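Participant: sequence first, predicted coordinates after that:
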Amino acid sequence: MNEMQYSHARTELADLHEHALAHLPTRITRRRADAAVLLSESDFRDLLSPFEFHPEVFFDEGSTSIWLPELTIWGRGDSFVSAKEDLLEEVDQLLSVFEDDERLRSAPNIVAQRPWIYRLMTVGEDEWESILFAEPTQSEQPARVLVAATA
């Protein structure tokens, strides 16, 4: 991986940008600070793509709840639609607090959630629903479904 000092990276930003787009990340170091890595958005999204969401829906008499274990949040409502809307509001609140609170970003329970948070941050709010409620990939399918599908 290419590596350079922060002061040099400032003067070479156009070239570093081109390198990132060519799938060549660069580690940028700075005195008395942790290193950062510059990579393309498409590479970043590719790295995050395995972090899928697996919402669990619970129907009770007169209410619906959706549990999102990857972010440890709930959406609740009197119907699936209203529970989904509540869940999306909870996601929005979590991302807002994540962006505003530096201490929260380093909290042990949040550190484990960061890949899923980053995945939601890389897309617009209008895409959250399609990511949260996407069909599982082939590797995420239960074994019995895979057996039935191949029979």
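Facilitator: Yep, it's here.

Participant: make it CA atoms for all contacts and neighbour counts henceforth
Facilitator: OK.

Participant: just the helices in this protein please.
Facilitator: 6-11, 13-21, 41-48, 80-100, 102-105, 108-111, 114-121, 128-132, 143-150 (DSSP state H).

Participant: so what's the most centrally placed residue in the chain scoring on pLDDT?
Facilitator: Nearest residue to the geometric centre of the chain (Cα atoms, centre = their mean): Arg119, 2.1 Å. Confidence at Arg119, expressed as pLDDT, is 96.

Participant: which one of the helices of the chain has the poorest average confidence?
Facilitator: helix 143-150 (a mean of 44).

Participant: got a list of what Arg45 touches?
Facilitator: Contact analysis of Arg45 by Cα atoms under 8 Å, 6 or more residues apart in numbering lists 119, 122.

Participant: state the distance from it to Val111.
Facilitator: Separation of Arg45 from Val111 (Cα to Cα, to the nearest Å) stands at 18 Å.

Participant: just Glu90 next, same as before
Facilitator: Counting by Cα to Cα, the gap from Glu90 to Val111 is 18 Å.

Participant: what do you get for Glu52?
Facilitator: Distance from Glu52 to Val111, counting by Cα to Cα: 16 Å.

Participant: what about the two, which has more around it?
Facilitator: Higher neighbour count among Glu52 and Val111: Glu52, with 19 against 12, using other Cα atoms under 10 Å.

Participant: just checking, the more buried one touches Trp116?
Facilitator: Yes - under the criterion of Cα atoms under 8 Å, Glu52 makes contact with Trp116 at 7.5 Å.

Participant: my read: Leu132 touches Glu56, true?
Facilitator: No - contact criterion Cα under 8 Å: Leu132 and Glu56 do not qualify, at 10.8 Å.

Participant: quick one: which of those two has more around it?
Facilitator: Leu132 (18 against 12).

Participant: and the nearest residue to the more buried one once chain neighbours are set aside, what are its phi and psi?
Facilitator: Among residues not flanking Leu132 along the chain, Phe53 sits closest, at 5.4 Å (Cα to Cα, 6 or more residues apart in numbering). As for Phe53, its main-chain torsions (degrees, to the nearest 10) stand at phi -100, psi 150.

Participant: so how far is Asn109 from Phe53?
Facilitator: Distance of Phe53 to Asn109, given as Cα to Cα: 17 Å.

Participant: right, I'll call it a day here.
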